[in-house]
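> sequence first, then the predicted structure, then my questions.
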Number of protein chains: 2
Amino acid sequence: VIDRFEPSARTRIRRSAYARYDAATVFAILDAGLLAHIGYVVDGAPYVTPTLYWREGDRLYWHGSAAGRLFREHAQPVAVCLVVSHVDGLVLARSSFRHSLFYRSVVVFGHAAMITGAAAKRRALDRFIDRLYPGRSRMLRSISEEELAATSVMSMTIEEASAKMAAPETRGGKDVLDKEQDYEAAVWAGVIPVRTTIGRTRPDERLKVDPTPPANLVAYAEGAAFDAVLQQLAQGDTAS
Amino acid sequence: VIDRFEPSARTRIRRSAYARYDAATVFAILDAGLLAHIGYVVDGAPYVTPTLYWREGDRLYWHGSAAGRLFREHAQPVAVCLVVSHVDGLVLARSSFRHSLFYRSVVVFGHAAMITGAAAKRRALDRFIDRLYPGRSRMLRSISEEELAATSVMSMTIEEASAKMAAPETRGGKDVLDKEQDYEAAVWAGVIPVRTTIGRTRPDERLKVDPTPPANLVAYAEGAAFDAVLQQLAQGDTAS
């Protein structure tokens, strides 16, 4: 089990108060997200694809369109840089320079490979469904051979990773950090928090069952913080 | 003025019902965001940096740490792929395969160059402050020479762009799209909406002015949708 990722030339963060390399922080930020931005190189040119992902231990998985372009021309594992970011607030300081953002982000480097066996692919996709919706894969018909063939699943080991956290707790407990001489300025300063939350569930109009969401979706309560829901579900999944 | 971006080999979207190439849609999705993920290549390896950005016409701007790594080894314009994404909801279908996400995203390709003149940099940073907080740059002391030297500002023309929208309106008005034979399944299906909203503003503890946020921050009302606020402010900025 990894405790800490060694900072490398490409993961070392210059503003060190914001940097975290411990696996607990890296994993927590990854587990709080659903959409990653995956960078890769084709013919020397940069591409970034936003993709749903999930984590299992020190491995990351994703599926869908990213796999398409990424593997059209590569049979071998492909170098990727995967980033997950959460925006937590806008910081308005007394000088333009000290305006900033509260955020959490993780940058991961690794080599992604496609999962090829049908059984392994099916298991991975079932785990992704269950990571988001506990026990749901068993409530659905199994994935057909045709569907499986149309789906790409990729995975990679986290080879290098770093986390960045800009928050009051990584700024000496302060929201706003102004230069001492700027505190006299007659200008408003403070934080505008930003939150991503769950809305009111919309049952499908052709349901054959009770429209109330079933017990395994209870975490998705209206108003709940999306990152906290995803993190809680990731922990439940590991424990089960 | 650009009306439409021509789809190229790298921007053409295979699932065409979701694809949009008109500038109005591309710009609206860009204007609704604050954080972009910028991909670039250094020594053949992919990097992705999450960065604050803003748009002016068919140009994109950003500043901060991305500029650091991106320009440490390059004096010439650098090929980048910039992506902005919004998550709007989780779609739970009656088969694993049809589970999906409601989202909006834009992928832009271009060549980024650093803004070098002090006056041009200062103007760009002032415009960024004013894009988020109308008229605020005039309420702040001007950016010092030292601060300016410590800041990198980059910009690029949008050379190629495509937008992708997965929403009921791009799915024939439907939330859930199941195979006809799956509609009989006794399983819950529907949408769990996800929203990013403004929280309650926290005035700084050392304020010399009224702690009520001033009139130019009125768009940041508690509970307002963050994407709508950013879009509205972008329009105001263009109009002014």
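Thanks, I have the structure now.
> just give the nearest non-adjacent residue to residue A:184, would you?
Of all residues not flanking residue A:184 in the chain, residue B:208 sits nearest, at 6.4 Å (Cβ to Cβ, 6 or more residues apart in numbering or on different chains). C-beta: built from backbone N, CA, C; applies to glycine.
> surely that neighbour and residue A:189 touch.
No. Checked against Cβ atoms under 8 Å, the pair residue B:208 and residue A:189 is beyond contact range at 9.2 Å.
> so which of those two has more stuff around it?
Higher neighbour count among residue B:208 and residue A:189: residue A:189, with 26 against 13, using other Cβ atoms under 10 Å in any protein chain shown.
> mind listing what the more buried one touches?
A:92-94, A:176, A:178, B:203-204, B:206-207 (Cβ atoms under 8 Å, 6 or more residues apart in numbering or on different chains).
> quick one, grab the pLDDT at it.
In the predicted model, residue A:189 carries a pLDDT score of 98.
> and the strands in chain A, which stretches?
Under the criterion DSSP state E, strands of chain A are mapped to A:19-20, A:35-42, A:45-56, A:59-63, A:78-92, A:100-114, A:153-157, A:160-166, A:190-198, A:202-203.
> tell me which of those lies nearest to residue B:163.
Proximity to residue B:163 (Cβ to Cβ) singles out strand A:45-56 among the strands of chain A, at 12.0 Å.
> now the closest one: buried residues?
A:46-55 (16 or more other Cβ atoms under 10 Å in any protein chain shown).
> for stretch A:161-171, same thing?
Using 16+ other Cβ under 10 Å as the test for burial, stretch A:161-171 gives A:161-166, A:168, A:170-171.
> residue A:188 touches residue B:208, doesn't it?
No. Residue A:188 lies out of contact with residue B:208 (Cβ under 8 Å); the separation is 9.5 Å.
> so where's chain A shaky on pLDDT?
Applying pLDDT under 70 to chain A picks out residues A:65-75, A:237-240.
> centre-most residue in chain A?
residue A:33 (3.1 Å; Cα atoms, centre = their mean).
> for residue B:17, see how far away that residue is.
Here the distance between residue A:33 and residue B:17 works out to 26 Å (Cβ to Cβ, to the nearest Å).
> same check on residue A:149?
21 Å.
> same deal with residue A:207?
For residue A:207, the distance to residue B:17 equals 24 Å [Cβ to Cβ].
> ok, the two, which is more surrounded?
Higher neighbour count among residue A:207 and residue B:17: residue A:207, with 17 against 10, using other Cβ under 10 Å.
> what's the closest non-adjacent residue to that one?
Sequence neighbours aside, residue B:189 is the residue nearest to residue A:207 in space, at 6.4 Å (criterion: Cβ to Cβ, 6+ apart).
> for that neighbour, grab phi and psi.
Torsion angles at residue B:189 (phi, psi; degrees, to the nearest 10) stand at phi -140, psi 150.
> may I have the residues that are in contact with the nearest residue to residue A:63 once chain neighbours are set aside?
In space, and not counting its chain neighbours, residue A:63 is closest to residue A:153: 4.6 Å by Cβ to Cβ, 6+ apart. With contacts taken as Cβ under 8 Å, 6+ apart, residue A:153 has the following neighbours: A:61-63, A:67, A:114-115, A:121, A:124-125.
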